[in-house]
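Engineer: next input, structure requested:
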Amino acid sequence: MIVLAAGLALLGSLFFALGAALQQFEAAGTPGAGLGHLVRRPRWLLGGLAIAGGTALHIVALKYGPLTLVQPMGVASLLFALPCAAALQHRRPRAGELASAAVIAIGLIGLVMVVPEHSGKPHLSTGEAVTLLAGAATAALVLWVLARQVSPAARACLLAMGAGVLYGATATLTRVLVDGNWELWFLLAVPMPALIALALLQRAYAVGHFGVAFAALQVADPLTAVAFGALLLGEPLPTGAASTLTALAAAALTAAGTVALARTTPMSPSHDVIAR
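Structural biologist: Model prediction:
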């Protein structure tokens with residue numbers, strides 16, 4: 001069962017990476033286009049289906065293997081995404097891109113591995129749910145404002161981080177709903193941060209630095225979910241000197257890899273340039 005879980009998680013990562021690359025290709029080729037325009041493009045929709053398939057495979061993998069095995073496998077999507085994006089642009093991925101992505105993946109795996117598992121049943125009160133949504137919205141708004149004043153690579157990173165924060169809030173609220181904390185307005189609220197996150201992510205992709213945007217998303221989403229889980233759901237954080245040092249070293253690797261990726265990944269050309 002462990003081998004099956006690992007295989008499903010890896011396949012899910014491949015689907016997720018391919019879907020993200022397809023959506024970024026369309027978003028970068030139509031800068032300034034909103035979701036209303038992108039959803040009419042078949043390749044963007046195909047990317048959405050691939051992401052949905054990858055998510056479904058990841059969920060099934062969790063039925064056959066522990067979170068500590070499946071989550072690190074999900075990090076492989078970053079290593080798959082860069083070759084997928086490069087293939088769509090009719091080029092080979094650079095060695096520096098792949099090396100930077102590998103460093104980020106190692107850092108993310110380190111961060112995932114030091115987070116203790118929580119067996120308790122998550123619960124949110126109405127006030128805590130409002131705090132969750134308001135905190136995520138405020139953080140995303142601040143990142144969006146900052147993104148308007150920086151270089152393209154940093155803009156892609158900040159916009160994707162904003163999307164990751166909102167996706168992390170969505171995941172936290174969804175986890176509470178799945179475990180039986182049924183509040184009608186919780187259910188109605190779930191799509192809002194997810195849709196805003198999707199729009200922010202497409203803006204990040206449109207900037208052109210796909211590797212940076214995708215890496216920032218991969219970092220911000222799980223870390224936000226862990227932070228909200230600790231603050232609002234009572235889930236444990238790493239304790240002890242060894243876990244703390246591992247988490248700090250993993251965070252440093254992730255940050256260094258993201259900076260290196262920003263310096264090595266070329267801007268995505270538009271469709272008319274690709275076609276020539």
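Engineer: what's the helix or strand in which Ile104 is found packed up against?
Structural biologist: Taking DSSP states H and E as the criterion, Ile104 maps to helix 95-114. Secondary-structure packing of helix 95-114 (3 or more C-beta pairs under 8 Å, 6 or more residues apart in numbering; DSSP states H and E): helix 67-74, helix 76-88, helix 210-232, helix 241-264. The way it works is simple: take the backbone N, C-alpha and C, and place the C-beta from them, glycine included.
Engineer: in the second one, what counts as buried?
Structural biologist: So the one you mean is helix 76-88. Judged by neighbour count (16 or more other C-beta atoms under 10 Å), helix 76-88 contains these buried residues: 76-86, 88.
Engineer: got any ranges where the stretch 101-250 of the chain has weak pLDDT?
Structural biologist: Residues of the stretch 101-250 of the chain that meet the criterion pLDDT under 70 lie in 117-120, 179-182.
Engineer: run the last query once more with 90
Structural biologist: 101-129, 152-153, 168, 170-191, 206-212, 214-216, 218-250 (pLDDT under 90).
Engineer: what helix or strand is the nearest residue to Ala81 once chain neighbours are set aside on?
Structural biologist: Spatial nearest neighbour of Ala81, excluding adjacent residues (C-beta to C-beta, 6 or more residues apart in numbering): Ala17 at 3.8 Å. For Ala17, the host element (DSSP H and E) is helix 2-29.
Engineer: any idea how far that helix is from the middle of the chain?
Structural biologist: Offset of helix 2-29 from its chain centre (C-alpha atoms, centre = their mean, to the nearest Å): 11 Å.
Engineer: same for it, what does it pack against?
Structural biologist: helix 35-38, helix 42-64, helix 67-74, helix 76-88, helix 191-207, helix 210-232.
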